[in-house]
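>>> need a 3D model of the sequence below.
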Amino acid sequence: MQLIGDNKGILFKICRIYLDDADDRDDLLQEMILQLWKGFDSFKGESKFSSWMYRVALNTAIVFFKKQKRRPDSEQLPLNFEQPEEQSNSGEKEEQLALFYKAVQELNKVEKALIFLYMENQSHDEIAANLGITSINVRVRLNRIKNRLKDIIKKLSHEH
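This is a model prediction of the structure:
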């Protein structure tokens, strides 16, 4: 499906935000594509395709993430922060990005969704519509998440 292909970057970013392990990210990507395919008939065209895709992909990621947490071996998975093949950054940028994604791993599932949609340059109103919360709640939560991420990154930086 061309629409999914045109927006596949969204799926890769969601996978990276929710899961550490490359194999798990691949599984999640396949699950999101399956759910998008199965749910395409429910897309009414009342919103942009990308907005509908965000909702389906994020909901799929949240359900998948919950299942992963229940797996007995999920606690032993090594942290793996590979760069996607389509991106090539300098070593310093790679380290900063890896540190950021490691910090994001410490957020809860709603905070991850909020920060992801924010990073995708969605407006507060769009984020609110996608997550079913108010625009004011989005602003408040984003400020808290940004401050929390700064603290987590500082803590992680000192550990290295």
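
>>> could I get the buried residue list for stretch 127-139?
I127, A128, A129, N130, L131, V138 (16 or more other CB atoms under 10 Å). C-beta: built from backbone N, CA, C; applies to glycine.

>>> state the pLDDT value of the fourth one.
On the pLDDT scale, N130 is placed at 83.

>>> what's next to the helix or strand hosting it, contact-wise?
Following DSSP states H and E, one finds N130 within helix 124-131. Outside helix 124-131, the residues that touch it by CB atoms under 8 Å, 6 or more residues apart in numbering are 47, 51, 54-55, 58, 110, 113-114, 117-118, 122, 134-135, 137-139, 142.

>>> the same query, at a cut-off of 6 Å, please.
Y54, R55, L117, T134, S135, V138, R139 (CB atoms under 6 Å, 6 or more residues apart in numbering).

>>> contacts only, for the second one.
When the contact criterion is CB under 6 Å, 6+ apart, the partners of R55 are N130.

>>> one more: the first one?
Contacts here follow CB under 6 Å, 6+ apart; on that basis Y54 touches N130.

>>> can you give me the buried ones in the host helix or strand of it?
Secondary-structure assignment from DSSP H and E places Y54 in helix 49-70. For helix 49-70, burial by neighbour count (16+ other CB under 10 Å) applies to 50, 52-58, 60-62, 64-65, 68.

>>> could you single out the nearest of these to K13?
A57 (9.4 Å; CB to CB).

>>> the closest one and R144, how far apart?
Separation of A57 from R144 (CB to CB, to the nearest Å) stands at 24 Å.

>>> could you do V56 as well?
26 Å.

>>> ditto for E46
E46 is 31 Å from R144, by CB to CB.

>>> picking that back up, quick one: mean pLDDT for the helix or strand that the helix holding Y54 is followed by?
Using DSSP H and E, the next helix or strand after helix 49-70 towards the C-terminus is helix 91-104. When pLDDT is averaged over helix 91-104, the result is 81.

>>> from the contact counts, what lies against helix 91-104?
For helix 91-104, the packing partners by 3 or more CB pairs under 6 Å, 6 or more residues apart in numbering; DSSP states H and E come out as helix 135-159.

>>> between the helix it packs on and helix 124-131, how big is the angle?
Computed with axes from the mean of the first three to the mean of the last three CA atoms, to 10 degrees, the direction of helix 135-159 lies at 90 degrees from that of helix 124-131.
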